[in-house]
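1. Got a sequence here, can you build the structure:
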Amino acid sequence: MKYRHFIYGMLSVTAVAATVMLPLASLAQTTVMMAETKCSDKHSRLESESIQIALEDFVRTHDADIGIAVITDRGDTVCLNNGRQYPMNSVMKLYQAMAVADAMQRRGHRLDSMITVSRKEMEEDTYSPMRDRYRGGDFRISIADLLKYSLQQSDNNACDILFRHVIGITETDRYIRSLGISGFAISASEADMHADTTRVHENWNHPLAAAMLINRLFTEPVFDTDKRGSEKSGNEKRWNEHDDMGKGRGSDNVYQRFLTETLNGCTTGENRLARPLLPTNAVIGHKTGTGFPSADGYPQGINDVGFVRLPNGRSYSIAVFVKSSRYDMAETERLIAGLSEIVWREVDGE
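-> Numbers count the residues shown, from 1 in each chain. Coordinates of the predicted model:
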């Protein structure tokens, strides 16, 4: 995937929003609106301008509605099309997981706490590796394993079971807002969205909200470490043996560490944000989302939100949301990979 690499001078632009005219019959009709949505007052200018212009150039030459937000470890924040509402799809499970972990800690419950799941709770007409494993009726499963199914494999049944057994949809929305995150809404379960596909628009975010959320998770204390209670266990020791992907003090909290390590093991969307990072030894923790296709068969709601730590010690958060695309799924995922490569190369200094 080729793109133009820009090294810009000391300009002061806080954000950019690129509006792509569909279809791309004439690039002359493509307009660029500067500072549509303010992202941050903090910039190391040279780097932020270079990222900004390279991303803008890439987006304007592709026939897709793309929203992007990037937060670097130097305090730079770059956004494209951040003023639009992008359906989260399964990125919602990242928001949910943080609410679940907070609820478990506040109640003094361990992540290996077990619940009983009734067979009737398992929807058949949905993506669910967990359902395929537990075919024999009711079963017992830990909250930790439900979170792994939800975050790493994007299991829809696991997600809705967590809503029913741990913390509801409204409470999840309220918790994320309590972190100071805005620019999003959560009001539908996976079952709701499968029953009525128009409800995917009820779970939406601005790209910056998602980037801020995963950045908080990987770089700052999110959960109150004083409320861990008896959570220290063999599992905690095992999680603490892993490298700290984020630089924040929050990594010593077992609930927070569990989430970051689980996201690090995400197996979905391997051809999206993670693809260009494979030969670099960078580490990425991420959560994907994939929507229902449009009436004419094109991909919609193809998303990926991640935290990347490079071998040189630099790190950044990145959120890419493709609301609609005029390409097939493979090419749409290559768009996300291309954007990921741009940010990686700019931050890495190549």
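
2. helices and strands of this structure: which one bottoms out on pLDDT?
-> strand 31-34 (a mean of 30; mean pLDDT, DSSP states H and E).

3. immediately after it, which helix or strand?
-> For strand 31-34, the succeeding helix or strand toward the C-terminus, using DSSP states H and E, is helix 46-60.

4. Tell me the buried residues in that next one?
-> 47-60 (16 or more other C-beta atoms under 10 Å). Bear in mind the C-beta positions are built from the backbone N, C-alpha and C, glycine included.

5. thought Ala185 was touching Arg199?
-> No. Judged on C-beta atoms under 8 Å, Ala185 makes no contact with Arg199 at a distance of 11.6 Å.

6. Please determine how far Thr126 is located from Glu190.
-> Thr126 sits 6 Å away from Glu190, going by C-beta to C-beta, to the nearest Å.

7. Counting neighbours, go ahead and name the busier of those two.
-> Higher neighbour count among Thr126 and Glu190: Glu190, with 26 against 16, using other C-beta atoms under 10 Å.

8. Does the more buried one touch Asn156 like I think?
-> Yes. Assessed by C-beta under 8 Å, Glu190 is found in contact with Asn156 at 3.9 Å.

9. Overlap of the contact sets of these two?
-> Shared contacts of Glu190 and Asn156 (C-beta atoms under 8 Å, 6 or more residues apart in numbering): 123, 126.

10. who touches both of Thr126 and Glu190?
-> 156-157.

11. could you say what helices and strands the helix ranked longest in the chain packs with?
-> Using DSSP state H, we find that the single longest helix of the chain is helix 329-348. Judged by 3 or more C-beta pairs under 8 Å, 6 or more residues apart in numbering; DSSP states H and E, the packing partners of helix 329-348 are helix 46-60, strand 64-72, strand 300-309, strand 315-325.

12. mind listing what Arg174 touches?
-> Under the criterion of C-beta under 8 Å, 6+ apart, Arg174 has no neighbours.

13. Repeat that for Pro299.
-> Pro299 makes contact with 290-291, 293, 322, 324-325, 327-329, 332, according to C-beta under 8 Å, 6+ apart.

14. mind redoing it with 7 Å?
-> Taking C-beta atoms under 7 Å, 6 or more residues apart in numbering, we find Pro299 in contact with 293, 325, 329, 332.

15. gap between Ala97 and Arg275?
-> Separation of Ala97 from Arg275 (C-beta to C-beta) stands at 23 Å.

16. So which of the two has more stuff around it?
-> Ala97 (25 against 19).

17. which SSE is that one in?
-> helix 92-106.

18. Return the distance of that helix from the chain's centre.
-> 14 Å (C-alpha atoms, centre = their mean, to the nearest Å).

19. So for that helix, what gets flagged as buried?
-> Under 16+ other C-beta under 10 Å, the buried positions of helix 92-106 are 92-105.

20. and if you look at stretch 304-322?
-> Using 16+ other C-beta under 10 Å as the test for burial, stretch 304-322 gives 304-310, 314-322.

21. And the average pLDDT for it is what?
-> Average pLDDT, stretch 304-322: 97.

22. Send me it as CSV with only the CA atoms.
-> C-alpha atoms of stretch 304-322 as CSV (Å, rounded to 0.1, in the frame of the first residue of the first chain):
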residue,chain,number,x,y,z
ASP,A,304,-10.4,-1.5,14.5
VAL,A,305,-9.2,0.3,17.6
GLY,A,306,-5.8,-0.4,19.1
PHE,A,307,-2.9,0.6,21.3
VAL,A,308,0.5,0.0,19.7
ARG,A,309,3.9,-0.1,21.4
LEU,A,310,6.9,0.0,19.0
PRO,A,311,10.2,-1.7,19.6
ASN,A,312,11.9,1.7,20.0
GLY,A,313,9.6,2.5,23.0
ARG,A,314,7.3,4.8,21.3
SER,A,315,3.5,4.2,21.6
TYR,A,316,0.2,5.4,20.3
SER,A,317,-3.5,4.7,20.2
ILE,A,318,-5.3,4.5,16.9
ALA,A,319,-9.0,4.2,16.0
VAL,A,320,-10.1,3.6,12.4
PHE,A,321,-13.8,3.4,11.5
VAL,A,322,-15.0,2.7,8.0
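
23. Closest to the centroid, which residue in this protein?
-> Val305 (2.7 Å; C-alpha atoms, centre = their mean).

24. Okay, and the residue nearest to Met122 when sequence neighbours are not counted sits in which element?
-> Spatially, and ignoring its direct neighbours in sequence, Met122 is nearest to Arg131 (4.5 Å; C-beta to C-beta, 6 or more residues apart in numbering). According to DSSP H and E, Arg131 maps onto helix 129-133.
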